[in-house]
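**Q** Quick one, what's the 3D model for this:
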Amino acid sequence: MSYVDAQATRTVEKSISAGTPIIFVTMNYRLSAYGFLAGSEVHNEGIGNFGLYDQRVALKWIQTYIHAFGGDSTRVTILGQSAGAISASLQMLAFGGDTQGLFHGAFMQSGAPVPVDSMLNGQGVYDLISSKTGCDKTLDSLKCLREIPLEQLKSAVDASPNFVGPEGLHLAWPPRADGIFLQEAPMKQILAGKVSSIPIVSGNCDDEGTGFSISPLLAIHVLTEDSYRGWIRDVWLPNATEDELSKLWDYYPADPTQGSPFDTGLNNTIYTNYKRVSAFQGDIVFQAPRRFMLKHIASKQKVWSYLSKRLKLSGPLGSDHGSDLRVNLTDPYVISFVNTLNPNVDGTTAWPEYTNDTPNMLTFYDDPLPSPNVTQDTYRLLPMEYLSNLSLAYPI
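**A** Here you go, the predicted structure:
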């Protein structure tokens, strides 16, 4: 869903050359406040998650019209990277895990159900938008937001928190449980088994958090031990107890050799606590949610997972978010999965399924190339398990 045109074109061209052609359909959907406005006012009207509904409309369009392009409506795979992967995972949770026959597999790169709660948790940003537009002074602020000029609304939305600011990856406009499209908080839905039972691939890059942690606007808020801990408390876990947070300080220590980019020693310490912030953000938003989802669905459906450590020594970002796309890492596996619902490619390292007993990951390194190795999804096991428990107790 979030593949750029060049990547889509490249993948299709490769599929044709291999004699296993695929049809690649991209879609537009509403973003930020236009697609994911939340708050009590939105919740009380029984609306929300417009961006996810837009995606489902596009999937219905594919069912109706893909035959005109030579496609097979019974063999639709949804795929994406980052927000696209998160979207694909939430389509698996939609309406209690009902695909409505619209798709039959999912390939997700750097994205899984994020640890969010209900629409009510978005009240702070709703109030910010309402205040900046003057709609807070009206009797019906939601009606006002619908009627003001687009440029006025856009100006307020553009001033909302984003990942280059002090909030980092604690974003303003995530999808949230609305009771309809997302019946419950995603993590609770996964625990309840309300996930579509389709074959999936879900993977990560090793250093998912670095690109979202390098901003000077964030750095100035986390340079000391006290300010770092205050940032975690204020931005991420305001309701956690001091005892709960004390374990977090141990699991994500100040020692840069334990931070991200991982396995780079004292290198890449761009600012004090940079590698610590990068490790925490990458794990709480990308790594832990993927592992949590796979752990709870692997017993009932076919699952494959991967980890990219490519470009590890390329600079201060390491194997950062999106680096797997920059090296064209997954193209042949995507083509195979779309055709067969199995990512294995003849002539390459066998990619075993991910199970709870053997959580296999196809892991890609810079050296040696090109063959990956099969490793186990056990890295940072206790820290990420703890993050998942905190996310369940205190969702965003």
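**Q** Give the helix, strand or coil label for Phe95.
**A** With DSSP: H, G, I helix; E, B strand; the rest coil as the basis, Phe95 sits in helix.
**Q** can you pull the pLDDT of it?
**A** Predicted confidence (pLDDT) for Phe95: 98.
**Q** Kindly report the same for the one 3 residues further on.
**A** Reading off the per-residue confidence, Asp98 sits at a pLDDT of 98.
**Q** next one: the one 10 residues further on
**A** Note for Met108: predicted pLDDT of 98.
**Q** how about it, phi and psi?
**A** phi -120, psi 120 (degrees, to the nearest 10).
**Q** doesn't Ala88 make contact with it?
**A** Yes - using C-beta atoms under 8 Å, Met108 makes contact with Ala88 at a distance of 5.1 Å. The way it works is simple: take the backbone N, C-alpha and C, and place the C-beta from them, glycine included.
**Q** Check what contacts the helix or strand containing Leu390 and list those residues.
**A** Secondary structure from DSSP states H and E places Leu390 in helix 381-393. Outside helix 381-393, the residues that touch it by C-beta atoms under 8 Å, 6 or more residues apart in numbering are 115, 187-188, 237, 240, 244, 247-248, 251-252, 283-284, 287-289, 291-292.
**Q** now do stretch 74-85
**A** For stretch 74-85, the surrounding residues in contact (C-beta under 8 Å, 6+ apart) are 1-3, 59, 62-63, 66, 86-88, 91, 102-112, 202, 321-322, 324-325, 334, 337-338, 341.
**Q** same check, this time on stretch 344-356
**A** Contacts to stretch 344-356, defined as C-beta under 8 Å, 6+ apart, come from residues 294-295, 298-299, 302-306, 332-333, 336, 343, 358, 360-362, 371-374, 377.
**Q** Just these: which are in helices?
**A** Among the contacts of stretch 344-356, the members found in helices (DSSP state H) are Leu294, Lys295, Pro332, Tyr333, Ser336.
**Q** Could you check how far the closest residue to Asp178 other than its chain neighbours is from Ala68?
**A** Among residues not flanking Asp178 along the chain, Gly48 sits closest, at 4.2 Å (C-beta to C-beta, 6 or more residues apart in numbering). Per C-beta to C-beta, to the nearest Å, Gly48 is found 33 Å from Ala68.
**Q** Of these two, which one has the most company?
**A** Comparing Gly48 with Ala68 by other C-beta atoms under 10 Å, the one with more neighbours is Gly48, at 26 against 7.
**Q** what about the more buried one, is that helix, strand or coil?
**A** coil.
**Q** Pull the contacting residues for it.
**A** Gly48 sits next to Phe36, Leu37, Ala38, Val42, Met119, Arg176, Asp178, Phe181 when contact means C-beta under 8 Å, 6+ apart.
**Q** Does the fifth one touch Pro174 like I think?
**A** So that's Met119. No - using C-beta under 8 Å as the test, Met119 is too far from Pro174 to be in contact (10.8 Å).
**Q** Between those two, which has more neighbouring residues?
**A** Met119 (27 against 20).
**Q** That one: what's it in contact with?
**A** Neighbours of Met119 in contact, by C-beta under 8 Å, 6+ apart: Ala38, Gly39, Ser40, Val42, His43, Gly48, Arg176, Ala177, Asp178.
**Q** what number of residues lie near the fifth one?
**A** Burial measure for His43: 20 neighbouring residues, criterion other C-beta under 10 Å.
**Q** helices and strands of this structure: which one bottoms out on pLDDT?
**A** Across the helices and strands of the chain, mean pLDDT, DSSP states H and E gives its lowest value to helix 5-17, namely a mean of 88.
**Q** what's it in contact with?
**A** Contacts of helix 5-17 (C-beta under 8 Å, 6+ apart): 3, 21-24, 26, 325, 328, 331-332, 334-335, 338-339.
**Q** Of those, just the buried ones, ChimeraX syntax please.
**A** Selection of buried members from the contacts of helix 5-17 for ChimeraX, criterion 16 or more other C-beta atoms under 10 Å:
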select :3,22,325,331,332,334,335,338
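**Q** Lowest pLDDT pick from the contacts of helix 5-17?
**A** Minimum pLDDT for the contacts of helix 5-17 is recorded at Tyr3 (47).
**Q** and Tyr65, what helix or strand is that in?
**A** Per DSSP H and E: helix 50-65 holds Tyr65.
**Q** Kindly report the same for Asp366.
**A** Using DSSP H and E, Asp366 sits within no helix or strand.
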